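J.: here are the coordinates; sequence isn't available:
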């Protein structure tokens, strides 16, 4: 097994040391929730309390940075709850996050659709309702087309599409919409967002001292999930254009995206894949969409939802209407996504 | 030799395809300079021409994305000139970039201090002066403390400190300062900025089909440059805290940074090193600065000046005064750095 090319101290402290470093590096934006229930796993926006609004709590396992903590700040997410690497947070920190952001208008939990997260966030929501009468609703993101067939969309996982759904919800809350409206808009973004990826290496886990799965040097796996969940095909790494073609096809046919549609595009690095390669990939995405008569409204290219140092990338498309454009264009200011 | 885990088509087209993809992905911000002299290697901000100001041209070899092209937009850089991977751009595109951004107030070329870049940008400047009477001045960034001893600062290379110097110059130009003032402020930022890095793997070059240098699996090289230039010591990968200690010492003693100073900190990924590790590293940077009585004003953590998929990171410190704070805080909006 190849040796880790990572920088950490005690491997069992890596998440806590990351959070400590993050809170200090981005002190203009966030602070730690120091309550006992938060267990050192909740970061709260410094904006909380400046206006009454629906609270936006995001979270999940760590190892996907800048997802989830990077999007806590002004007019996006209000708090993040973090578990260990690839592991759901516990119920108590979920509860603490809801308590930290509630201004009486209710709270939305937004996270990728994984069984562990659903269980823990649901228990956190119950706690918030029982202890403090906070109304909590949940939206689970399900953008990964490979993770379940279309007739079982409720079983699909959340990947980079998390970003799109969180952003839409964050904007809706920032605009002062009520809890039901924020949930409606998040679910709408969720329903028109589709993603698929390719991995060319495994991520590495400090506490394991190695990779989470084995992959032959020079191989790729089309459709692999961000925790190494199985994809649709393993083979030799192909050209960027061929890889993009193979990924775009299932994305486009799933919703489906059709001639005349307008889309938001996110080309995401899973970690080690550089911006150079992502832009070569986007070039092909644009060609395909041009051929199909689908208009690109805006594009983001970069590391949004990673798997630490995994080599690979994913493509996310969101079908837009005027309301979603307004949400995705809404200004926000966080350490890893600022728009004016 | 390990196989490439990269996504590209013809390896000799990777830079041009990246630029084509970039221009399309970020069409809200930039467009291609279509002139013959630009040779398809110049991207120009869509803001150019909206106000008369000193033109800011940045550039150098590609493979360091988001450096340099990512910082072209509003109130930062006005154009970028790009060479092949790790290779200076030619004189004609340097000239074309100056011509594209000049509004009669002169142009500053800003780039890392490498012999090839100096030669080509100087020839571009001559061309701009001879052909179009454009006054061009140059600032070469020299933040890498390892690259030459302190009594030969003029021989030092530019690394992630490029970002700081460009940002200061971009703000000065956006504020309407004249050419001499923009150059003075850029040189001031340059004179108080120091960087050093560590590499844990080589970057890979598509056209070479492999790494640019050999590195034993599990080794690191303290002080290595962003093109693989030799550092000060090779050894086994150590803990994050030990690595940061070994890097911070030469940075701090070089300027020197002293008790009572206020600093801007940039913890930069060389590519594959994830945000998790960078924040663990920043945690130690903060501890060291606290111990020394040096105040952290602001911190940036992420991939700013990379070497494609190289594993490694660098630390940059800039000693601040009120003027530099104003420049670094000045709002700007580009695809890879937006601040409000």
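T.: Yep, that arrived. Here the structure is a predicted model, which means the values were calculated and not measured.
J.: in the stretch 101-250 of chain A, which residue sits nearest chain B?
T.: residue A:218 (3.5 Å; Cβ to the nearest Cβ). Glycine gets a C-beta too; all of them are placed from N, C-alpha and C.
J.: thought that residue was touching residue B:3?
T.: Yes - assessed by Cβ atoms under 8 Å, residue A:218 is found in contact with residue B:3 at 3.5 Å.
J.: got any residues that touch both of the two?
T.: Shared contacts of residue A:218 and residue B:3 (Cβ atoms under 8 Å, 6 or more residues apart in numbering or on different chains): residue A:237.
J.: how about the helices of chain A, start to end?
T.: In chain A, the helices defined using DSSP state H lie at A:14-25, A:91-101, A:115-132, A:161-174, A:179-191, A:240-254, A:275-292, A:322-329.
J.: show me what the third one is packed against.
T.: Right, the one you point to is helix A:115-132. Applying 3 or more Cβ pairs under 8 Å, 6 or more residues apart in numbering or on different chains; DSSP states H and E, we find helix A:115-132 packed against strand A:55-62, strand A:79-85, helix A:91-101, strand A:107-112, strand A:136-141.
J.: could you dump these to CSV with distance to chain B and mean neighbour count?
T.: Listed next are the helices and strands packed on helix A:115-132 as CSV, based on distance: least, Cβ to the nearest Cβ, whole Å; neighbours: other Cβ atoms under 10 Å in any protein chain shown:
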stretch, distance to chain B, mean neighbour count
strand A:55-62, 7, 28
strand A:79-85, 8, 26
helix A:91-101, 18, 27
strand A:107-112, 18, 28
strand A:136-141, 20, 22
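J.: let me have the ones you listed in a markdown table, adding distance to residue A:180 as columns.
T.: Formatted as a markdown table, the helices and strands packed on helix A:115-132 follow (distance: least, Cβ to Cβ, whole Å):
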| stretch | distance to residue A:180 |
| --- | --- |
| strand A:55-62 | 14 |
| strand A:79-85 | 21 |
| helix A:91-101 | 17 |
| strand A:107-112 | 10 |
| strand A:136-141 | 8 |
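J.: around chain B, which positions in the stretch 101-250 of chain A sit nearby?
T.: Applying Cβ under 8 Å from any Cβ of the partner chain, we find that the stretch 101-250 of chain A lies next to chain B at A:198, A:200-201, A:217-218, A:237, A:239-241, A:243.
J.: pick the one among those residues closest to residue A:164.
T.: When those are ranked by distance to residue A:164 (Cβ to Cβ), residue A:198 comes first, at 19.4 Å.
J.: okay, and the beta partners of residue A:210?
T.: Here residue A:210 sits in beta bridges with residue A:205, as judged by DSSP bridges.
J.: surely it meets residue A:4?
T.: Yes - if you go by Cβ under 8 Å, residue A:210 and residue A:4 touch, sitting 6.8 Å apart.
J.: mutual contacts of these two, please.
T.: residue A:204.
J.: and these two? which has more neighbours close in?
T.: Legend: neighbour count by other Cβ atoms under 10 Å in any protein chain shown for residue A:210 and residue A:4, higher for residue A:4 (21 against 14).
J.: how close does that one sit to residue A:202?
T.: Going from residue A:4 to residue A:202 by Cβ to Cβ, to the nearest Å gives 11 Å.
J.: and for residue A:62?
T.: For residue A:62, the distance to residue A:202 (Cβ to Cβ) stands at 17 Å.
J.: and residue A:325, by the same measure?
T.: For residue A:325, the distance to residue A:202 (Cβ to Cβ) stands at 37 Å.
J.: ok, now residue A:168?
T.: Residue A:168 sits 31 Å away from residue A:202 when distances are taken as Cβ to Cβ.
J.: and for residue A:264?
T.: 29 Å.
J.: and if you look at residue A:116?
T.: 20 Å.
J.: and these two? Which one has more around it.
T.: Higher neighbour count among residue A:116 and residue A:202: residue A:202, with 22 against 14, using other Cβ under 10 Å.
J.: give me every residue that touches the residue of the stretch 101-250 of chain A closest to chain B.
T.: A:236-237, B:3-5.
J.: can you tell me which of these has the most neighbours?
T.: Of all the contacts of residue A:218, residue B:5 has the most neighbours under the rule other Cβ under 10 Å, reaching 23 neighbours.
J.: and it, what's its pLDDT?
T.: In this model, residue B:5 is scored at 96, pLDDT.
J.: which residues touch it?
T.: With Cβ under 8 Å, 6+ apart, residue B:5 has these contacts: A:200-201, A:218, A:237, A:272-273, A:311, B:204, B:309.
J.: mind running it again at 7 Å?
T.: By Cβ atoms under 7 Å, 6 or more residues apart in numbering or on different chains, the contact set of residue B:5 is A:200-201, A:237, A:311.
J.: mind putting the residues you listed in TSV, pLDDT included?
T.: Shown next, in TSV, are those (pLDDT from 0 to 100):
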residue	pLDDT
A:200	97
A:201	95
A:237	98
A:311	97
